[in-house]
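>>> from the sequence below, what's the structure:
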Amino acid sequence: MTEQSLPLEGAPLIKPSTTDHPLYDSVVEACRTVFDPEIPVNIYDLGLVYTIEITAENDVNVVMTLTAPGCPVAGEMPGWVSDAVDMVAGVRAVQVAMTFDPPWGMEMMSDEARLELGFM
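I've put the predicted structure just below:
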């Protein structure tokens, strides 16, 4: 990330996830069950999930993006993610927010996704 893409306070554009919460790994696995229909890789490994925030009350807030703002499933994908995460035992409520700041780029993909798509 370049210095120009940071807010004035110097905080990153993508809020950190609650990786130390006991439900975090299960929520990630739930996100991995959702696929972009145009790309044979799950949305988590594609780098479309920016933040998974889990409260002490087990409410899950997911901030995600799409590969492009004009994605044909833009209206449906947040619901797919919400449905998948809602199935995780212990989750009280799920909220999925869409953002395009910062825009998604191929560098956000996991190594597994790059390998699957032939970029490695």
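>>> hey, where'd the strands end up in the chain?
With DSSP state E as the criterion, the chain has strands at 49-54, 59-64, 93-98.
>>> export those as CSV, with columns for distance to residue 17 and mean neighbour count.
C-beta: built from backbone N, CA, C; applies to glycine. CSV is the format used below for the strands of the chain (distance: least, C-beta to C-beta, whole Å; neighbours: other C-beta atoms under 10 Å):
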stretch, distance to residue 17, mean neighbour count
strand 49-54, 4, 20
strand 59-64, 9, 20
strand 93-98, 14, 16
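>>> distance to residue 36 for these - can I get that in CSV?
Shown next, in CSV, are the strands of the chain (distance: least, C-beta to C-beta, whole Å):
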stretch, distance to residue 36
strand 49-54, 12
strand 59-64, 11
strand 93-98, 14
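>>> which one, of those strands, ends up nearest to residue 84?
strand 93-98 (8.8 Å; C-beta to C-beta).
>>> just to revisit the earlier point, identify whichever of the strands of the chain lies nearest to residue 71.
The minimum distance between residue 71 and the strands of the chain falls on strand 93-98, with 10.1 Å, by C-beta to C-beta.
>>> partners of that closest one, with directions?
Here strand 93-98 has these sheet partners by DSSP bridges: strand 59-64 (parallel).
>>> identify the residues contacting the strand it pairs with?
14-15, 23, 27, 31, 43, 48-55, 77-78, 81-82, 85, 88, 91-99 (C-beta atoms under 8 Å, 6 or more residues apart in numbering).
>>> got the buried residues for the least confident helix or strand in the chain by mean pLDDT?
Between all helices and strands in the chain, the lowest mean by mean pLDDT, DSSP states H and E belongs to helix 111-116, at a mean of 88. Buried residues in helix 111-116, counted by 16 or more other C-beta atoms under 10 Å: 113, 116.
>>> contacting residues around it?
With C-beta under 8 Å, 6+ apart as the test, helix 111-116 has contacts from 40, 41, 45, 46, 47, 106, 120.
>>> any idea what the residue nearest the centre of the chain is bridged to?
The chain has residue 49 as the residue nearest its centroid, 0.9 Å off, counting by C-alpha atoms, centre = their mean. Beta-bridge partners recorded for residue 49 (DSSP bridges): residue 64.
>>> good, we can wrap up now.
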